[in-house]
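1. Show me how the following folds:
(2 chains)
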There are 2 protein chains.
Amino acid sequence: MRALVWDGELRLKDVPLPEPAEGEALVKVLSAGICNTDLEIMRGYMGFNGILGHEFVGMVQQAKNPYLAGKRVVGEINCVCHACEYCLKEMPHHCLNRTVLGIQRRNGAFAEYLTLPEENLHLAPSNIRDDVAVFAEPTAAAFRIPEQVVLDAEDRIVVLGDGKLGQLVAQVLWLYTKNLICVGKHRWKLALLQDLGIKTAHVDDPLERGADVVVDATGSHEGFARALELVRPEGTIVLKTTVAHPTALEFSPPVINEVAIIGSRCGPFRPALDALAMGTVEVRPMISEAYDLTDGLDALRRAAAPGTMKILLHM
Amino acid sequence: MRALVWDGELRLKDVPLPEPAEGEALVKVLSAGICNTDLEIMRGYMGFNGILGHEFVGMVQQAKNPYLAGKRVVGEINCVCHACEYCLKEMPHHCLNRTVLGIQRRNGAFAEYLTLPEENLHLAPSNIRDDVAVFAEPTAAAFRIPEQVVLDAEDRIVVLGDGKLGQLVAQVLWLYTKNLICVGKHRWKLALLQDLGIKTAHVDDPLERGADVVVDATGSHEGFARALELVRPEGTIVLKTTVAHPTALEFSPPVINEVAIIGSRCGPFRPALDALAMGTVEVRPMISEAYDLTDGLDALRRAAAPGTMKILLHM
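-> Numbering: from 1, shown residues only, chains lettered A, B, ... in the order given. Below you'll find the model as predicted:
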């Protein structure tokens, strides 16, 4: 099968069809989304080598579970051991022995086929098209935040970043409080949120400080410093940004202001799929373009270009 | 009066006696403690100029409150406005208009006299001597942690740093859980904690990872990186370290592991004074030496030398 393989260089290669292990399904990928994490991996993040990609929708080709066979599915990306201390503590996505689709010791979704444990799969709601279902994984990541932070309807929330993840975070948290503003660099991206009724500001606009919760979804080094400026004493910063390289930070301000900084990664698929199916999270305007897998190198280049939103791959 | 003044250079100077403002008491300082924060200020932290020092015990020379006049007192260091949004939200130590004794727009305790709002003063328990009462402020800072983090008796806690603050934090958290270890560089400092029955480890010893709570009280740049190695996924790092200069940090690990990082500053005096009075926190072995204020320059130099614990000034 064809696959986009990263091994220090990105190549479209012919590779053997993956063999599902015990408990795994074989999935024919229909569509996959390019995430900033894929681009960070190509800058050294996670030291990953293999087939990239972790946002996908596909058809189950082979599975033990008869309810899965032949169905259209999306999939959770952490594949866990069920035996380590974190699995036993019901924190499976921190499994010590985990593999992560297209990120950590497991080939990813930029290929014609992938394998995942059957337990990782969710049926894609029938009323959403492939290009929307692909957003299940990043939308779930946005729904992780209300699992971690108690959000009061009175809370003032600032979302930093108008990119793909910032937009999803803004839309999801908007379901919890209307006292929210998304701050970004691109007026056309902010306009997508304005169309949904969500308040936005340009980074150059003066911004009220003292927010209760600031989410850094900038994907850049500057996000955290900006978050520190905007959060109130004893407020919360949620970090969604993972970047490959270290950042020089002033560490005294969060100590003096007793800020809580919380890292946030993968989240629950169930509310994400509900929101996509019900349209309470609207992702279609975020799609910049779709490429055939054969043009995958161009697709990744385009995804890395400034001003691009979601780039999809069709298999 | 004589005072140790920092204005880019440290000098013992003759300065006018301070005039208490409305609501303030005049306090004759008996003894003061040198804190790492004083040393950080001399490296540029907070951009403070004025009389250094914020740990003290003194006699009230002049006060409206008849219960204070003539009494031996210790004092909270944040002087607040009672009118800003954080004062009104009952978060006075984050007052937007605060001055802080010897740290921010208010002359400190390395002087014969100081002024503080009467509301900041606490009577020193009669059974503790001056050199112990001086520890009220840093002990209160250690008691801030259980105000911020829910500590379960089952929690495994690692305290990084065997210096003054690390020792106080270890002793205070030891009151909450015996599943605690203090990690430091100096075997003789660790021995002080061992004498109290507290487990310790040398930084070069192999350490079990996966702690529920790690407190960084190292006062150095390396503390946070070490804390990240030792904390478990979804665990908590409490930051007590304030340093003058930025630190280059890998920000991906706390995001991936969804670690909560909480800054922690000043704490409640009441449990601190109780612990000092009852001997549940033992500070006397931590006193390295006392100097007369006249020898204050030597005292600060000594405090900055490696291997020193608490240096006191007697006025």
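
2. For chain B, give me its nearest residue in the stretch 1-150 of chain A.
-> Closest residue of the stretch 1-150 of chain A to chain B, Cβ to the nearest Cβ: residue A:94 (3.4 Å). Every C-beta, even on glycine, is put in place using the N, C-alpha and C of the backbone.

3. so who does that residue touch?
-> Residue A:94 is in contact with A:86, B:232, B:233, B:234, B:257, B:258, counting by Cβ atoms under 8 Å, 6 or more residues apart in numbering or on different chains.

4. distance of residue A:290 from residue B:197?
-> Counting by Cβ to Cβ, to the nearest Å, the gap from residue A:290 to residue B:197 is 66 Å.

5. rewinding a little: narrow the contacts of residue A:94 to those in strands?
-> Counting by DSSP state E, the part of the contacts of residue A:94 found in strands is B:232, B:233, B:234.

6. The first one and residue B:213 touch, don't they?
-> Right, the one you point to is residue B:232. No: at 9.3 Å, residue B:232 does not count as touching residue B:213 under the criterion of Cβ atoms under 8 Å.

7. what comes up buried for stretch A:187-205?
-> For stretch A:187-205, a neighbour-count test (16 or more other Cβ atoms under 10 Å in any protein chain shown) marks A:189, A:190, A:192, A:193, A:198, A:200, A:201, A:203 as buried.

8. Please tell me how far residue A:272 sits from residue A:164.
-> As judged by Cβ to Cβ, residue A:272 and residue A:164 stand 14 Å apart.

9. wait, I meant residue A:7
-> 26 Å.

10. Residue A:112 now?
-> 24 Å.

11. Which one's more surrounded, these two?
-> Set residue A:112 next to residue A:164 and count neighbours by other Cβ atoms under 10 Å in any protein chain shown: residue A:164 wins out with 27 against 15.

12. I'd say that one and residue A:312 touch.
-> No: if you go by Cβ under 8 Å, residue A:164 and residue A:312 don't touch, sitting 11.4 Å apart.

13. how about the contacts of residue A:94 in TSV, adding distance to residue B:129?
-> Conversion of the contacts of residue A:94 to TSV gives the following (distance: Cβ to Cβ, whole Å):
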residue	distance to residue B:129
A:86	49
B:232	41
B:233	46
B:234	44
B:257	45
B:258	46
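
14. And the furthest pair within those residues?
-> Taking Cβ to Cβ as the measure, these reach their widest spread between A:86 and B:258, a distance of 11.1 Å.

15. which neighbours do the two share?
-> Common contacts of residue A:86 and residue B:258 (Cβ under 8 Å, 6+ apart): A:94, B:233.

16. how does chain A divide up, domain by domain?
-> Here the domain parsing of chain A from automatic domain parsing is A:2-135+A:283-314, A:141-263.

17. and those domains, which one's lowest on average pLDDT?
-> Among those, domain A:141-263 has the lowest mean pLDDT, at a mean of 92.

18. which parts of the stretch 1-150 of chain A sit against chain B?
-> A:45, A:85, A:86, A:91, A:94, A:148 (Cβ under 8 Å from any Cβ of the partner chain).

19. In PyMOL, select just the buried ones from those residues.
-> Those of the residues of the stretch 1-150 of chain A next to chain B that count as buried under 16+ other Cβ under 10 Å are selected in PyMOL with:
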select buried, chain A and resi 45+86+91+94+148
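
20. Helices - which of the residues of the stretch 1-150 of chain A next to chain B land there?
-> Within the residues of the stretch 1-150 of chain A next to chain B, residues falling in helices by DSSP state H are A:85, A:86, A:148.

21. Next, format those as a markdown table and append distance to residue A:182.
-> Formatted as a markdown table, those follow (distance: Cβ to Cβ, whole Å):
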| residue | distance to residue A:182 |
| --- | --- |
| A:85 | 38 |
| A:86 | 33 |
| A:148 | 19 |
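
22. Specify which member of the residues you listed is nearest to residue A:77.
-> Nearest to residue A:77 out of those is residue A:86 (Cβ to Cβ; 16.1 Å).

23. contacting residues around the closest one?
-> Listed by Cβ under 8 Å, 6+ apart, the contact partners of residue A:86 are A:92, A:94, A:95, A:96, B:232, B:233.

24. which residues sit in contact with the last one?
-> This means residue B:233. Applying Cβ under 8 Å, 6+ apart, we find residue B:233 in contact with A:86, A:91, A:94, B:257, B:258, B:259.

25. Which of the ones in strands among the contacts of residue A:94 sits closest to chain A?
-> Among the ones in strands among the contacts of residue A:94, residue B:233 lies closest to chain A (Cβ to the nearest Cβ), at 3.4 Å.

26. Burial check on the residue nearest to residue A:120 when sequence neighbours are not counted, number of neighbours?
-> Spatial nearest neighbour of residue A:120, excluding adjacent residues (Cβ to Cβ, 6 or more residues apart in numbering or on different chains): residue A:76 at 4.3 Å. Using other Cβ under 10 Å, residue A:76 has 24 neighbouring residues.

27. Residue A:76 and residue A:19, how far apart?
-> Look at residue A:76 and residue A:19: by Cβ to Cβ, they are 21 Å apart.

28. As a check, name the ranges of all helices in chain A.
-> Counting by DSSP H, chain A has helices at residues A:36-41, A:85-88, A:130-133, A:136-148, A:164-174, A:187-194, A:222-230, A:252-256, A:269-278, A:296-304.

29. Deepest-packed of the ones you listed, please.
-> Comparing the helices of chain A by mean neighbour count (mean count of other Cβ atoms under 10 Å in any protein chain shown), helix A:164-174 ranks first with a mean of 26.

30. tell me what that helix is packed against?
-> helix A:136-148, strand A:157-160, strand A:180-184, helix A:187-194, strand A:211-216 (3 or more Cβ pairs under 8 Å, 6 or more residues apart in numbering or on different chains; DSSP states H and E).

31. who in the stretch 201-315 of chain A is up against chain B?
-> By Cβ under 8 Å from any Cβ, the residues of the stretch 201-315 of chain A that approach chain B are A:210, A:224, A:232-234, A:239-244, A:246-252, A:254-265.

32. Which among these count as buried?
-> A:224, A:232-234, A:239-243, A:247, A:249-252, A:254-265.

33. Give me the distance between the residue nearest to residue A:125 when sequence neighbours are not counted and chain B.
-> Spatial nearest neighbour of residue A:125, chain neighbours left out: residue A:277 (3.8 Å); criterion: Cβ to Cβ, 6+ apart. According to Cβ to the nearest Cβ, to the nearest Å, residue A:277 and chain B sit 27 Å apart.

34. coming back round to it: could you dump the contacts of residue A:86 to a markdown table with distance to residue A:15?
-> Converted to a markdown table, these look like this (distance: Cβ to Cβ, whole Å):
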| residue | distance to residue A:15 |
| --- | --- |
| A:92 | 29 |
| A:94 | 30 |
| A:95 | 26 |
| A:96 | 28 |
| B:232 | 36 |
| B:233 | 32 |
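
35. From the residues you listed, pick the one nearest residue A:132.
-> Taking Cβ to Cβ as the measure, residue A:132 sits nearest to residue A:92 out of those, at 26.5 Å.

36. Correct me if wrong: the closest one contacts residue A:84.
-> No: Residue A:92 is beyond contact range of residue A:84, at 9.1 Å (criterion: Cβ under 8 Å).

37. okay, now residue A:82: neighbour count?
-> Number of residues near residue A:82 (other Cβ under 10 Å) recorded here: 11.

38. quick one: contacts for it?
-> Residue A:82 is in contact with residue A:92, counting by Cβ under 8 Å, 6+ apart.

39. List the contacts of the residue positioned nearest the centre of chain A.
-> Chain A has residue A:138 as the residue nearest its centroid, 3.0 Å off, counting by Cα atoms, centre = their mean. Contact partners of residue A:138, counting by Cβ under 8 Å, 6+ apart, are A:33, A:35, A:55, A:164, A:165, A:168.
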